[in-house]
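# return atomic coordinates for the entry below.
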Amino acid sequence: MAVTLLHSGVNLGTFSQSVVSCPRVAELANRVRVVSAEEFTRAFPAKRGARVVVILRDGRRVSASVPDRFGSPGNPIPDAHLERKFADLIALRGGPVESTLSVIHNVRHAPDVAELSF
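As a prediction, this is how the structure comes out:
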């Protein structure tokens, strides 16, 4: 949660040692509390929702809820987001991002999938 708040989201880069060992991340992480909410507990395991409430220094509360986890049938991952995540994973391993994505996008048009191996 601390990394998400400080970096406006989570991606592969936010799992780096320099980010997770950052004093600002540790300080904010120490202020995070996890509390169960009956509405989400009741819906589990069919749904895995959550609410985040951030209390600002001036006392204001900012909150957001999702009824089900990102990537579930009720809250699917948009294609562009999934493609970006996949490309990040390929790049992390030093793989050919563009050609791999091209193969995936064109697999239904291939007469023989053996031709798609790289």
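# in this protein, which ranges drop under the pLDDT threshold?
115-118 (pLDDT under 70).
# can you give me the helices for it?
Assigned by DSSP state H, the chain shows helices spanning 2-7, 17-20, 23-29, 38-43, 79-92, 97-106.
# out of those, deepest packed?
Comparing these by mean neighbour count (mean count of other CB atoms under 10 Å), helix 2-7 ranks first with a mean of 16. To be clear about C-beta, it is placed using only N, CA and C from the backbone, and glycine gets the same treatment.
# re earlier: can I get the helices of the chain in TSV with distance to Asp68?
Output for those, formatted as TSV (distance: least, CB to CB, whole Å):
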stretch	distance to Asp68
helix 2-7	18
helix 17-20	27
helix 23-29	25
helix 38-43	8
helix 79-92	16
helix 97-106	26
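# so which of those helices is nearest Val62?
Closest approach to Val62 among those (CB to CB): helix 2-7, 10.4 Å.
# how about residues contacting the closest one?
By CB atoms under 8 Å, 6 or more residues apart in numbering, the residues outside helix 2-7 that reach it are 10, 14, 19-20, 22, 24-26, 28-29, 32, 54.
# so can I have JSON lines of those residues showing distance to Gly71?
Converted to JSON lines, those look like this (distance: CB to CB, whole Å):
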{"residue": "Val10", "distance to Gly71": "13"}
{"residue": "Thr14", "distance to Gly71": "18"}
{"residue": "Val19", "distance to Gly71": "22"}
{"residue": "Val20", "distance to Gly71": "23"}
{"residue": "Cys22", "distance to Gly71": "27"}
{"residue": "Arg24", "distance to Gly71": "28"}
{"residue": "Val25", "distance to Gly71": "24"}
{"residue": "Ala26", "distance to Gly71": "28"}
{"residue": "Leu28", "distance to Gly71": "25"}
{"residue": "Ala29", "distance to Gly71": "24"}
{"residue": "Val32", "distance to Gly71": "22"}
{"residue": "Val54", "distance to Gly71": "23"}
